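Engineer: Sequence below, structure please.
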Amino acid sequence: MFPPGRRLAGALVILATSGCALLGPAGIATAQPLPDKPSHTQPRPAPNAPCTVPLAPPPPIDASERPQPGEAPPTPLPMPDRPVGGPRMAECGLVLPPGAPPVPPGETTASWVLADLNSGAVLAARNPHARERPASLLKVLTALVALRRLDLDTVVEGTAEDANMDGSRVGVNPGGRYTVRQLLTGLVMNSGNDAANALARELGGVPATLRAMSETAAEIGALDTRPASPSGLDAAGMSTSAYDLAAIYRVVHRDPTFAEVSRTRLFDWPGAAGRPGYKISNDNHLLGWYQGAIGGKTGFTDDARHTLIVAAERGGRRLVAVLMRGEQRPVTMDAQAARLLDYGFGLPATTAPVGTLVDHRPPTDAEVAAAAHSPATSPPAPAETKVENRIAGLAVIGAGVILGVLASVLVARRRPRPGGRHTASRPETPAEP
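Structural biologist: Now for the predicted structure:
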């Protein structure tokens with residue numbers, strides 16, 4: 001055992017050196033590194049059944065997606081390194097929380113997603129990332145781009161091209177004058193392909209609009225989505241997924257204008273060329289009878305079949321259900337969607353989600369690896385540097401004072417007094433020259 005004085009000295013040395021070590025090489029206090037947290041880039045688990053997530057929609061049944069002469073058919077979008085929204089979003093078939101009750105009978109859609117609009121939690125799904133055709137559900141992405149890039153009060157003049165668009169039309173006529181707000185209303189409520197064309201023209205034309213839609217989808221993290229027409233009409237290369245549309249709808253529904261239009265049941269559409277205006281109604285029938293309905297979107301083409309988005313709120317919970325490639329039997333699509341919403345509201349609020357709706361693009365494997373090997377964060381601002389240097393100086397001075405006192409104590413303890421005894425209380429006498 002060491003004498004008491006040397007034990008005290010050793011403790012002071014340890015304290016001084018430990019304090020300097022904790023301050024780090026720059027003299028700044030630093031936390032010890034924490035173990036790596038699990039990330040969303042964990043290896044993809046095996047699917048819950050022998051199956052493969054479709055990279056592209058089924059073959060078309062008509063000529064709507066035939067490429068132009070001399071053009072090659074578009075290749076499917078690449079599959080992300082990791083399933084967007086979590087590992088279970090890569091599964092095929094039903095994706096349910098552990099111990100959850102079975103989904104309601106009568107559901108016929110090829111894929112669907114049921115999620116919480118507030119938190120983004122995916123409560124249940126079927127083939128969430130299967131690539132499908134959106135039909136008019138793609139108009140929610142068109143609306144998002146228009147809301148972000150256009151002034152709602154801008155007036156757009158209708159053209160013959162608008163009036164001659166295929167499919168559903170709200171009544172954009174040549175010579176008519178419509179605000180962007182009115183066109184958005186006709187786009188969302190009445191699924192007007194003519195309104196989609198007019199908005200695309202105001203956005204710089206169809207090619208520019210499709211680029212903006214693709215960029216917006218990628219920014220959100222909707223990596224299954226490739227728009228091929230602003231209206232959702234089938235065209236070569238078109239694809240999306242129930243997961244992507246749920247994520248896009250969650251983002252666009254944050255916009256107060258879209259949220260208001262989405263739940264509006266009747267709207268006065270302006271007349272044109274001497275013809276009177278008229279009322280248009282919302283294609284989302286759940287607004288008329290489902291408790292708490294707050295919006296949605298309908299869609300149909302021969303190749304996409306029936307598609308549907310519905311949203312509702314009860315007791316502070318807001319849920320969205322997206323149904324892709326469905327049929328109106330054995331019960332209607334509206335009834336199927338209502339049953340899914342009922343199923344979601346029936347799950348306890350504490351139910352563990354099976355995935356998450358993202359609102360930004362997740363990093364790729366290459367980006368994650370690059371970030372792991374990148375240098376430390378950028379240098380601090382000058383003011384922060386001055387403060388850090390001041391702290392470093394004080395730390396060095398403090399350590400020096402401690403070591404000086406320690407040295408004095410040791411010397412005093414070792415100097416002999418008359419009678420051969422040592423004392424730590426007597427002041428040290430300067431040595432003779």
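Engineer: thought residue 363 was touching residue 369?
Structural biologist: No - counting by Cβ atoms under 8 Å, residue 369 is not a contact partner of residue 363; they are 9.5 Å apart. Just so you know, the C-beta spots here come from the backbone N, C-alpha and C atoms, and that holds for glycine as well.
Engineer: From the neighbour counts alone, determine which of those two ranks first.
Structural biologist: Under the neighbour definition other Cβ atoms under 10 Å, residue 363 and residue 369 were set side by side, and residue 363 has more, 16 against 12.
Engineer: Assumed the more buried one was part of a helix.
Structural biologist: No - according to DSSP: H, G, I helix; E, B strand; the rest coil, residue 363 belongs to no helix; its state is coil.
Engineer: Check what pLDDT residue 406 gets.
Structural biologist: Residue 406 carries a pLDDT value of 46.
Engineer: Mind jotting down where the helices sit in the stretch 201-350 of the chain?
Structural biologist: 206-220, 242-252, 256-263, 286-289, 333-346 (DSSP state H, counting those that start in this stretch).
Engineer: any chance of those helices in CSV, with mean neighbour count, distance to residue 353 and mean pLDDT too?
Structural biologist: Listed next are these as CSV, based on neighbours: other Cβ atoms under 10 Å; distance: least, Cβ to Cβ, whole Å; pLDDT from 0 to 100:
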stretch, mean neighbour count, distance to residue 353, mean pLDDT
helix 206-220, 18, 19, 98
helix 242-252, 28, 13, 98
helix 256-263, 18, 23, 98
helix 286-289, 16, 24, 95
helix 333-346, 21, 11, 97
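Engineer: Looking at the ones you listed, spot the one closest to residue 87.
Structural biologist: helix 242-252 (13.2 Å; Cβ to Cβ).
Engineer: Now do the closest one against helix 206-220: the angle between them, please.
Structural biologist: 90 degrees (axes from the mean of the first three to the mean of the last three Cα atoms, to 10 degrees).
Engineer: Which strands or helices does helix 242-252 pack on?
Structural biologist: With contacts taken as 3 or more Cβ pairs under 8 Å, 6 or more residues apart in numbering; DSSP states H and E, helix 242-252 sits against strand 111-116, strand 121-126, helix 139-149, helix 206-220, strand 305-314, strand 317-326.
Engineer: Restrict the fifth one to CA atoms and write it as PDB.
Structural biologist: Presented in PDB, the C-alpha positions along strand 305-314 are these (Å, rounded to 0.1, in the frame of the first residue of the first chain):
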ATOM      1  CA  ARG A 305     -59.300  -1.100 -63.600                       C
ATOM      2  CA  HIS A 306     -60.900   0.500 -60.500                       C
ATOM      3  CA  THR A 307     -58.600   2.600 -58.200                       C
ATOM      4  CA  LEU A 308     -59.700   4.500 -55.100                       C
ATOM      5  CA  ILE A 309     -58.300   6.800 -52.400                       C
ATOM      6  CA  VAL A 310     -60.500   7.500 -49.300                       C
ATOM      7  CA  ALA A 311     -59.700   9.400 -46.100                       C
ATOM      8  CA  ALA A 312     -61.700   9.800 -42.900                       C
ATOM      9  CA  GLU A 313     -61.300  11.200 -39.400                       C
ATOM     10  CA  ARG A 314     -62.700   9.800 -36.100                       C
END
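Engineer: dump the residue contacts of residue 141.
Structural biologist: 213, 216, 217, 222, 225, 227, 248, 252 (Cβ atoms under 8 Å, 6 or more residues apart in numbering).
Engineer: pLDDT score for it?
Structural biologist: For residue 141, pLDDT reads 98.
Engineer: ok, it to residue 116 distance?
Structural biologist: From residue 141 across to residue 116, the span is 21 Å (Cβ to Cβ, to the nearest Å).
Engineer: again with residue 137
Structural biologist: Counting by Cβ to Cβ - residue 137 and residue 116 are separated by 19 Å.
Engineer: who has more neighbours, these two?
Structural biologist: Each of residue 137 and residue 116 has its neighbours counted (other Cβ under 10 Å); residue 137 has more, 29 against 21.
Engineer: got the domain boundaries for this protein?
Structural biologist: According to automatic domain parsing, the chain is divided into the following domains: 1-23+388-433, 98-369.
Engineer: Need those domains in CSV (columns: distance to residue 81).
Structural biologist: Below are those laid out as CSV (distance: least, Cβ to Cβ, whole Å):
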stretch, distance to residue 81
domain 1-23+388-433, 38
domain 98-369, 4
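Engineer: and residue 74, which of the ones you listed is closest to it?
Structural biologist: domain 98-369 (3.3 Å).
Engineer: what about the residue nearest to residue 338 when sequence neighbours are not counted, neighbour count?
Structural biologist: Ranked by Cβ to Cβ, 6 or more residues apart in numbering and with sequence neighbours excluded, the top spatial neighbour of residue 338 is residue 290, at 5.4 Å. Per other Cβ under 10 Å, the neighbour tally for residue 290 reads 19.
Engineer: coming back round to it: for the contacts of residue 141, which two are the farthest from each other?
Structural biologist: 227 and 252 (14.1 Å).
Engineer: For the protein, give me the ranges with low pLDDT.
Structural biologist: 1-50, 375-433 (pLDDT under 70).
Engineer: 90 instead?
Structural biologist: 1-54, 62-64, 66-73, 92, 105-107, 272-275, 349, 364-433 (pLDDT under 90).
Engineer: show me where the stretch 1-150 of the chain has helices.
Structural biologist: 4-23, 139-149.
Engineer: now the shortest one against helix 256-263, angle please.
Structural biologist: For the pair helix 139-149 and helix 256-263, the angle between their directions (the same axes, to 10 degrees) equals 150 degrees.
Engineer: can you give me the offset of the helix or strand that helix 139-149 is followed by from its chain's centre?
Structural biologist: Note on helix 139-149: by DSSP states H and E, the next helix or strand toward the C-terminus is strand 155-157. For strand 155-157, the separation from the chain centroid amounts to 33 Å (computed by Cα atoms, centre = their mean, to the nearest Å).
Engineer: Show me what the helix or strand that strand 155-157 is followed by is packed against.
Structural biologist: Downstream of strand 155-157, the first helix or strand assigned by DSSP H and E is helix 160-163. Helix 160-163 is packed against helix 193-202, with contacts defined by 3+ Cβ pairs under 8 Å, 6+ apart.
Engineer: Could you check the angle the helix it packs on makes with helix 206-220?
Structural biologist: 90 degrees.
Engineer: Which other helices and strands does helix 193-202 contact?
Structural biologist: helix 139-149, strand 155-157, helix 160-163, helix 180-189, helix 206-220.
Engineer: what angle separates it from helix 180-189?
Structural biologist: 140 degrees.
Engineer: Ends of stretch 288-308, what's the gap?
Structural biologist: 16 Å (Cα to Cα, to the nearest Å).
Engineer: Pretty sure residue 292 sits against residue 313.
Structural biologist: Yes - checked against Cβ under 8 Å, the pair residue 292 and residue 313 is within contact range at 4.8 Å.
Engineer: Thanks a lot, catch you later.
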